[in-house]
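[1] Could you look at this predicted model? Sequence included:
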Amino acid sequence: MVRLLRPLVRGTTYTRLLHLLVPVLVLSVWMFIDPSRPWVPALLLIPAGLIPAVRRGEGLQARFMLIPDEPEPEISTLRATAWGDRLRTVVWLEARLAIGTAAVFATVWLPVLTVDLVRAALGHSVDDNPLLPIDDPHWAYALLAPLPLLCLGVAVVGLGELITRVARRLLGPSPGERVAALEERTEQLLERTRIARELHDSIGHALTVAVVQAGAARATGDPVFTDRALAAIEETGRTALEDLERVLGVLRASERPGSSRPTLVDADRLLESARSSGAKVDAEVTGPLDTVPGPASREGYRILQEALTNVLRHAGDVPVRVRIGVVGDTLDLEVRNPLTDGTPGPGRGSGLRGIRERAALLGGRAHTGPDAGEWQVRVELPLR
């Protein structure tokens, strides 16, 4: 019994009833103007439903009044962009008016019927009720008095559920809107992936440099070297904080200018950071790096950063050869170091995978792995 009565104590049941009663107000006003033609309001709903903004308004009403507890209901709140959506809006308005009329009938006449049954049970004749005229009062009518109220509860819950199902069907996203939503979701996932890469490359590099510097300073015990190591850790940490602020800016702004991210023009600070960590870096730069397009230059910087981080993390203070060249329409970037036992194998680690993914997104190629007794990271990025 409690389970049957539970829908009657939910607030959604009555917001749905209110949603049904709103359009009938227009019909009620029209009945005062011309009761002989009650079909005119239904006719006027046809051009109203063809207005693109009406679909958005109906969708918002349905979300907040029919299914307010669902975080992401399958109800569109966009303007109608296709004729199919407009026609569905017209059908929705007509269905809402028809179901709303049934709700008004139930909420008005069923309580009146209960009152008339009670009057008949008390000995009064009821001849003004068009549903159930009673000329012969009898106390037994008291037994039937709760029945209209029971029907009222069923009607309120049932009609609310019916209008909700109709709303899901007629106000649900169209195929075009579903495709747009999927594209937006894909963009969000790609942006999250880029944020993860930025954090991995920048913070991972800074932590690796700090760990290597701190370990070297403790091992040598030289105050002069310790001071240099602390200065390098401070500079690397400051740079990492700047990079972290740039990455977090993605979360605070929908459109962040790419120029705020470091590019290959800033590669000198990566090379100096690696040198200050003990690595012997031999760098060769050919071609005008300042003419490299922004996307390729920014991703090239992150690829170089990750490659140097891998050297410091897995190989230590070993000789490193860095080659950055702009040849025609291609950016060549190569980092080589002696192959050691700590060098990761091909395909291991999110950093190497990130290098390959960055190159692939720009239509380039990346090779990471052993080559002639050395560990090689070589990337070719097209500049057009």
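    Great, that's in hand.
[2] which regions of the stretch 101-250 of the chain sit below the pLDDT cut-off?
    In the predicted model of the stretch 101-250 of the chain, residues 129-131, 176, 179-184, 186-188, 190-191, 194-195, 197-202, 205, 242-250 satisfy pLDDT under 70.
[3] show me where it has helices.
    For the stretch 101-250 of the chain, the helices identified by DSSP state H, counting those that start in this stretch occupy 141-144, 146-170, 175-220, 223-252, in order along the chain.
[4] Assign V281 to helix, strand or coil.
    V281 falls in the strand class when you classify it by DSSP: H, G, I helix; E, B strand; the rest coil.
[5] hey, what's it bridged with?
    When bridges are taken as DSSP bridges, the partners of V281 come out as V320.
[6] Next up, the contacts around it.
    With contacts taken as C-beta atoms under 8 Å, 6 or more residues apart in numbering, V281 has the following neighbours: 271, 274-275, 308, 320, 322. Yep, even glycine has a C-beta here, placed from its N, CA and C like the rest.
[7] Going through these, which ones are buried?
    Those of the contacts of V281 that meet the buried threshold are 271, 274, 308, 320, 322, by 16 or more other C-beta atoms under 10 Å.
[8] count of residues packed around R313?
    A total of 20 residues lie near R313 under the criterion other C-beta atoms under 10 Å.
[9] whoops, I mixed them up, A216
    By the criterion of other C-beta under 10 Å, A216 has 20 neighbours.
[10] Also W83?
    Residues lying near W83 (other C-beta under 10 Å) number 9.
[11] again, but for I46
    Close neighbours of I46, defined as other C-beta under 10 Å, add up to 13.
[12] For it, which non-adjacent residue is spatially closest?
    Residue nearest to I46 in three dimensions, not counting chain neighbours: V90, with 5.5 Å by C-beta to C-beta, 6 or more residues apart in numbering.
[13] Could you tell me which residues within the helix or strand harbouring that neighbour count as buried?
    When elements are assigned from DSSP states H and E, V90 belongs to helix 83-121. Residues of helix 83-121 classed as buried: 85-86, 88-90, 92-97, 99-104, 106-107, 109-110, 113-114, 116-117, 119-121 (neighbour count, 16+ other C-beta under 10 Å).
[14] do the same with stretch 223-243
    Counting neighbours by 16+ other C-beta under 10 Å, one finds that the buried residues in stretch 223-243 are 226, 229, 232-233, 235-236, 239-240, 243.
[15] possible to save the contacts of V281 as TSV with pLDDT, distance to R168 and secondary structure?
    Written out in TSV, the entries for the contacts of V281 read as follows (pLDDT from 0 to 100; distance: C-beta to C-beta, whole Å; DSSP: H, G, I helix; E, B strand; the rest coil):
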residue	pLDDT	distance to R168	secondary structure
L271	86	59	helix
A274	80	59	helix
R275	82	63	helix
L308	86	55	helix
V320	90	61	strand
V322	93	59	strand
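[16] Dump these into a markdown table; add distance to V212 as well.
    Putting the contacts of V281 into a markdown table (distance: C-beta to C-beta, whole Å) gives the following:
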| residue | distance to V212 |
| --- | --- |
| L271 | 15 |
| A274 | 9 |
| R275 | 12 |
| L308 | 11 |
| V320 | 13 |
| V322 | 17 |
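[17] hang on, isn't V40 packed against M31?
    No - V40 lies out of contact with M31 (C-beta atoms under 8 Å); the separation is 10.1 Å.
[18] Could you pull up the residues touching the residue lying farthest from the centre of the chain?
    Computed with C-alpha atoms, centre = their mean, the maximum C-alpha offset from the centroid of the chain is found at D136, amounting to 66.3 Å. Residues in contact with D136 (C-beta under 8 Å, 6+ apart) are S125.
[19] and it, how far is that from V126?
    Between D136 and V126 the distance is 10 Å, computed by C-beta to C-beta, to the nearest Å.
[20] With P262 instead?
    P262 sits 87 Å away from V126 when distances are taken as C-beta to C-beta.
[21] and if you look at G354?
    Taking C-beta to C-beta as the measure, G354 falls 82 Å from V126.
[22] When these two are compared, which one has more neighbours?
    Ranked by neighbour count (other C-beta under 10 Å), G354 and V126 place G354 first, with 21 against 18.
[23] give me the element that one is part of.
    Under the assignment given by DSSP H and E, the secondary-structure element containing G354 is helix 350-361.
[24] Compute the inter-axis angle for the helix or strand just after that helix and helix 350-361.
    Taking DSSP H and E as the definition, the helix or strand that follows helix 350-361 towards the C-terminus is strand 365-371. For strand 365-371 and helix 350-361, the angle between their directions (axes from the mean of the first three to the mean of the last three C-alpha atoms, to 10 degrees) works out to 140 degrees.
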